[in-house]
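S.K.: I need the structure of the sequence given here:
(chains A and B)
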Number of protein chains: 2
Amino acid sequence: MSEELKELAIIGTGIAGVSASIYAKRAGLDFFLFDHQVVGGQLLLMEAVDNYPGLEVGTRGAELAEKLDLTLEVLGVKPIKKKVTKIEFVDNHVQLDSHHSKYRAKSAIIATGASFKKLGVEGEDDFLGKGVSYCAICDGFFFRDKEVVVVGGGNTAAEEALYLSNICKKVYLIHRGHRLRAIEYLQKKLSEKENIQILFNTQVRNISGKDLMEKVTIENTHHQQRRPLVVQGVFVSIGIRPSTDIFRDVVAMDDHGFILTNEEMRTSADQIWACGDCRKRPLRQLVTAASEGAIAALSVYHYIKGSYISA
Amino acid sequence: MSEELKELAIIGTGIAGVSASIYAKRAGLDFFLFDHQVVGGQLLLMEAVDNYPGLEVGTRGAELAEKLDLTLEVLGVKPIKKKVTKIEFVDNHVQLDSHHSKYRAKSAIIATGASFKKLGVEGEDDFLGKGVSYCAICDGFFFRDKEVVVVGGGNTAAEEALYLSNICKKVYLIHRGHRLRAIEYLQKKLSEKENIQILFNTQVRNISGKDLMEKVTIENTHHQQRRPLVVQGVFVSIGIRPSTDIFRDVVAMDDHGFILTNEEMRTSADQIWACGDCRKRPLRQLVTAASEGAIAALSVYHYIKGSYISA
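M.R.: Residues are numbered from 1 along each chain as shown, chains lettered A, B, ... in the order given. Take a look at the predicted model:
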């Protein structure tokens, strides 16, 4: 047992965890902040953040991450640079294991985020933010009147294709199977859109271009024939994985591992809250994650200090 | 009827309305944005915004307002500089009246905000952001180890006093009545705090200082005796009024006029959403308002474009 009992442990330093830290600090809560990577989380993969109100359009994700890091510094919050490997309840407290040390707190906020599944093809990383995206709502606007590909066959891929069809000139929905897994309702919607073309039994083999991506090479899964498809964007929509494995026995989750909470970010476990991408939520955006971090911290504040009134 | 039927009308250009506009624009929705004051709303009254994740600590409210204004410009959103005076349903559409013109839309987002009630005493406006505040969660952190006054006798005033007692050296709760209106539970909490002193039958008569406020003059309401009280901050907590009068017959509200919504910001009326301070919500903060604007816009998108799946 390496340290004293604190009021709160915040796990993760993406924008949800940082926001929770800002609000916890300003509320006078005593807390640990665990950050085993760098401050900013998925932000570091974003070429430009254009839909975070108050941030100049075109701000690089890394720049926003730096601002978050600086805010923690100004507030005097020092993240513990360790990965939490286990969480359990001991003597009515939350106990966290990390690199042979144990930390105890009266409450915890899980803000460990999620990661998008990648295609794993040549060019995918090189053209990230230069045509390759994992989020139509975030980046679709860049592709006004352009031609794009959406890769995937599930509900999210169908939704993304429909969303993009209102913005882009043409949308190819590329799916390796011979039929979509998306629900019937979405499939009907897709069929009604003149500017959406579905390519079944097809895989993206590589993404190429110069400064920006210029085309994908697609392959028919039956006869292995390849051909180029000239598009300005590729939206990869083959799944998202929450980073919640170690919390599986501690809080309730949906089938995909997203943590279930109420509107105040409380999980099924009494002393644990969750916010941001690790949580099941209707809109997966930076600004919603930041908001949830604030709500989680104030909800913990009410729990710890006991002055909550449900308004 | 001055203009064509649009998909959406957004009413208000505080951070909630601007956020809704950013998301609506990027989703390809065709909308009106009504802005009868200036972009930024209550932001213009904030000396420093220190708890908006991603914004440098100490950013002036007016500066954030400018950034929001610039974002609208970059996105090509031109606010209509008119006050909406009436809203009703005509032929299955939302019809808005404004300065002898009528505007029709398939949906509306109400983001008209709220305003804090003021004490109306000398010095209150002069020392705004220099000691005078209307929000302990927003500004309490500035007053670490300092002495402050909270004015009010309701639940919010009691909550604010308790919140500040964890940060400040001393908190005076000043109430003009002879007992608090706050619930018993909060009154008990207040009595347990050694650094909270309640002054009953007392009113603040003026606020004075040089660059920053230095003291308040308080008056006993029975014998009208005045005396100075040296404090570094005054938190005015005598009420908040949502700007929702014209929507009273259109959407369901609580007793105070805050609009009721579900988690997707839908109101009781089919084609109307609400977000930000005009809405009944657990945490009244800039970042939660921004998040709600985004959620409202995407929820309207799903309503208009019909591709919503409840995930």
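S.K.: contact partners for residue A:217?
M.R.: Shown in contact with residue A:217 (CB atoms under 8 Å, 6 or more residues apart in numbering or on different chains): A:204, A:205, A:206, A:207, A:208, A:226, A:227, A:228, A:229. All C-beta atoms are positioned from the backbone trio N, CA, C, and that covers glycine.
S.K.: farthest pair within those?
M.R.: A:207 and A:227 (14.3 Å; CB to CB).
S.K.: about what we covered before: in CSV, list the contacts of residue A:217 along with neighbour count and pLDDT.
M.R.: Below are the contacts of residue A:217 laid out as CSV (neighbours: other CB atoms under 10 Å in any protein chain shown; pLDDT from 0 to 100):
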residue, neighbour count, pLDDT
A:204, 21, 97
A:205, 16, 97
A:206, 16, 97
A:207, 26, 98
A:208, 15, 97
A:226, 11, 96
A:227, 12, 97
A:228, 12, 97
A:229, 16, 97
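S.K.: quick check, the residue in the stretch 151-300 of chain A closest to chain B?
M.R.: Across the stretch 151-300 of chain A, the shortest distance to chain B (CB to the nearest CB) belongs to residue A:291, at 3.2 Å.
S.K.: taking their axis directions, the strand or helix carrying that residue and helix B:286-305 sit at what angle?
M.R.: Using DSSP states H and E, residue A:291 falls within helix A:286-305. Going by axes from the mean of the first three to the mean of the last three CA atoms, to 10 degrees, helix A:286-305 is angled at 130 degrees with respect to helix B:286-305.
S.K.: centre of the chain versus helix A:286-305, how much separation?
M.R.: 17 Å (CA atoms, centre = their mean, to the nearest Å).
S.K.: what packs against it?
M.R.: strand A:8-11, helix A:15-26, strand A:108-110, strand A:272-274, helix B:155-165, helix B:286-305 (3 or more CB pairs under 8 Å, 6 or more residues apart in numbering or on different chains; DSSP states H and E).
S.K.: so which of the ones you listed is the most surrounded?
M.R.: Among the helices and strands packed on helix A:286-305, strand A:108-110 has the highest mean neighbour count (mean count of other CB atoms under 10 Å in any protein chain shown), at a mean of 32.
S.K.: identify each buried residue in stretch A:72-90, please.
M.R.: A:72, A:75, A:77, A:79, A:80, A:82, A:84, A:87 (16 or more other CB atoms under 10 Å in any protein chain shown).
S.K.: what sits against the nearest residue to residue A:79 once chain neighbours are set aside?
M.R.: In this structure, residue A:79 finds its nearest non-sequential neighbour in residue A:35, 3.6 Å apart by CB to CB, 6 or more residues apart in numbering or on different chains. Counting by CB under 8 Å, 6+ apart, residue A:35 touches A:12, A:13, A:17, A:79, A:80, A:81.
S.K.: 7 Å instead?
M.R.: A:13, A:79, A:80, A:81 (CB atoms under 7 Å, 6 or more residues apart in numbering or on different chains).
S.K.: need phi/psi at it.
M.R.: phi -150, psi 90 (degrees, to the nearest 10).
S.K.: for residue B:271, see how far away it is.
M.R.: 44 Å (CB to CB, to the nearest Å).
S.K.: show me where the stretch 51-200 of chain A has its strands.
M.R.: A:86-90, A:93-98, A:101-105, A:108-110, A:114-116, A:132-133, A:147-151, A:170-174, A:196-199 (DSSP state E, counting those that start in this stretch).
S.K.: dump the helices and strands packed on helix A:286-305 to CSV, plus mean pLDDT.
M.R.: CSV is the format used below for the helices and strands packed on helix A:286-305 (pLDDT from 0 to 100):
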stretch, mean pLDDT
strand A:8-11, 98
helix A:15-26, 95
strand A:108-110, 98
strand A:272-274, 98
helix B:155-165, 91
helix B:286-305, 94
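S.K.: among these, which is nearest residue A:170?
M.R.: helix B:286-305 (17.6 Å).
S.K.: please name the bridge partners of residue A:215.
M.R.: Beta-bridge partners for residue A:215, by DSSP bridges, are residue A:208, residue A:230.
S.K.: can you pull the contacts of it?
M.R.: Here residue A:215 is in contact with A:208, A:209, A:228, A:229, A:230, A:231 (CB under 7 Å, 6+ apart).
S.K.: now with 8 Å?
M.R.: Contacts of residue A:215 (CB under 8 Å, 6+ apart): A:207, A:208, A:209, A:228, A:229, A:230, A:231.
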